[in-house]
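Undergrad: Build me a structure from this.
(2 chains)
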Amino acid sequence: MINLPEATELLLVARKTLLDELAPLLGENAKYTVSMIANAMAIAIREVEAGEAPALGALARLDRIYGIAPRELHGEALRRTLAMHDQQLAQDIRAGHFDADDEKGCAVLEHLRASVAARLRISNPKSLP
Amino acid sequence: MIPDDATRDGLAQFIRAASGASAVRITRLARMSGGAVQQNWALDVDVSGGAFDGTHAWVLRTDAPARVAESLTRANEFRVLQAVQPASVMAPRPLWLCEDPSIAGSSFFLMTRLAGVATGHKVARDPALVPDRRHLARELAANLARIHGMQLSRRDLSFLTKRLARENIEHYRGYLDSLEEGYPALEWGLRWCERNAPAREETTFIHRDYRTGNYLVDNGTLAGVLDWEFAGFGNPLEDVGWLFAKCWRFGQHEYPVGGVAYAEDFLPEYELRSRRTVSPAQLRYWQVIAHVRWAVIALQQRERHRSGAESSLELALTGHLLSDLELEILALTADHA
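TA: Predicted coordinates for the structure are as follows:
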């Protein structure tokens, strides 16, 4: 069993070493590559730290939109259910089912905003409004 | 392309034959920055005899190993550069096309090397490079109006695609349909574009990548427009929306025009020169299209990495731009259904 806190600690210290000790020794091009590596590591750290919370939040919102009773899902089952929900929502938006400025339409827009914010917290928290 | 002696010899021979010179000496062949899709090489040559007798600074443009489905082949990009020459739209002058892969590993062409700096964050952030933002914006506007005013033969350039608003929407939906996952935020943006699509549209030649990072600035002045590989026919406002898109501001968000100028520095000049009007609603519409397009490109880049076709950290990270683009799409489309 992988101990996740240890994984993020490892990534954090590896990233710090890369930036503090290796980057100063490098030329411009290599520095750019190192900054990309550091960025990728930071994304991975945030993703591990967020855990299942973003997916669980999305599932709860989508279940409400589609009138499904709250349920407890984790791991692969959570991932697959959410993927199916996203497919359905994408189709329904395209078909115009959520065009109206009514309760449903607003709930969908709120869900999209919350999902984008959750992903930004991992991909690029600096952009969060 | 590997810039070894064999490549240099092959190139020198090609130039000698193409230019009618008696001798050609390559004095420099060095990779230029930028171009994840194309590789650009700075090429300095001494030519003896023939019409090109003298010293020249050229660019060799070839395909990088990773191609983007949307972009033109080098041969067709070369034809576009030829076709736009008479209009003086600041494109580099194309010299010769070589479709024999034995010299550079793939097709390539040579073109003149224009002076100036293109690097996006420098253009957007270095006041020494752009001392007068308004001046640059007006030049960008006038030049874009010239590009849109060119009367190019659709028959001679039949390899170019034509896409107006609805065709863009269909095109991007088609790509999303090829993916396993659903992208509800992008669908939201596309549905908004469909509901707000213009009733009538003009069709002109468009550059489709007219943005900071793709033009050269020399002494504060527009000195060249690069990267014609996405050119086609479409709604001229697509180019305006792309230039104004938030993703091309290099962090300089107070300047909506590519991170270099205010809208009022650009739009009146574009309107005057093109005899077109650009309403705030039209500008918003084409900014949404621009962000959807960037999101689709980011997904394509990520897929190139994920599929194993080209494992690359840069491509993998491009996928993480998606949420920034979705955020902007939701902001632009909110309260304007």
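Undergrad: can we go C-alpha only for contacts and neighbour counts from here?
TA: OK.
Undergrad: neighbours of residue 129, just the number please.
TA: The chain I'm using is chain A. Around residue A:129 there are 7 other residues, counting by other Cα atoms under 10 Å in any protein chain shown.
Undergrad: meant chain B, my bad for not saying
TA: Neighbour count for residue B:129, taken as other Cα under 10 Å: 18.
Undergrad: Before we go further, it is sitting in a helix, right?
TA: No - if the criterion is DSSP: H, G, I helix; E, B strand; the rest coil, then residue B:129 is coil and not within a helix.
Undergrad: Break chain A down into its domains, please.
TA: Domain assignment for chain A, taken from automatic domain parsing, gives A:4-50, A:53-127.
Undergrad: do chain B as well
TA: Following automatic domain parsing, one gets these domains for chain B: B:5-112, B:120-333.
Undergrad: residues in chain B within reach of chain A, list them.
TA: Selection of chain B residues close to chain A by Cα under 8 Å from any Cα of the partner chain yields B:181-185, B:187-188, B:190-191, B:313-314, B:317, B:320-321, B:323-324, B:326-327, B:330.
Undergrad: hang on, the earlier thing: would you mind putting the domains of chain B into a markdown table with mean pLDDT alongside?
TA: Output for these, formatted as a markdown table (pLDDT from 0 to 100):
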| stretch | mean pLDDT |
| --- | --- |
| domain B:5-112 | 90 |
| domain B:120-333 | 95 |
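Undergrad: right, so those domains: which one is the most enclosed?
TA: Greatest average neighbour count among these goes to domain B:120-333 (a mean of 19), per mean count of other Cα atoms under 10 Å in any protein chain shown.
Undergrad: What distance do you get for the residue of the stretch 1-150 of chain B at minimum distance from chain A to residue B:119?
TA: Chain A sits closest to residue B:33 of the stretch 1-150 of chain B, with a gap of 9.8 Å, by Cα to the nearest Cα. Taking Cα to Cα, to the nearest Å as the measure, residue B:33 falls 9 Å from residue B:119.
Undergrad: go on, residue B:273?
TA: 27 Å.
Undergrad: now do residue A:72
TA: Distance, residue A:72 to residue B:119, using Cα to Cα: 50 Å.
Undergrad: how far out from the middle of the chain is stretch B:317-324?
TA: Distance of stretch B:317-324 from the chain centroid (Cα atoms, centre = their mean, to the nearest Å) equals 20 Å.
Undergrad: Alpha carbons only: can I get that stretch in PDB?
TA: What follows is stretch B:317-324, C-alpha atoms only, in PDB (Å, rounded to 0.1, in the frame of the first residue of the first chain):
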ATOM      1  CA  LEU B 317       1.400  20.200 -19.800                       C
ATOM      2  CA  THR B 318      -0.500  21.800 -22.700                       C
ATOM      3  CA  GLY B 319      -3.400  19.600 -21.700                       C
ATOM      4  CA  HIS B 320      -3.500  21.400 -18.300                       C
ATOM      5  CA  LEU B 321      -4.200  24.700 -20.100                       C
ATOM      6  CA  LEU B 322      -7.700  23.300 -20.700                       C
ATOM      7  CA  SER B 323      -9.300  24.500 -17.500                       C
ATOM      8  CA  ASP B 324      -8.000  28.100 -18.000                       C
END
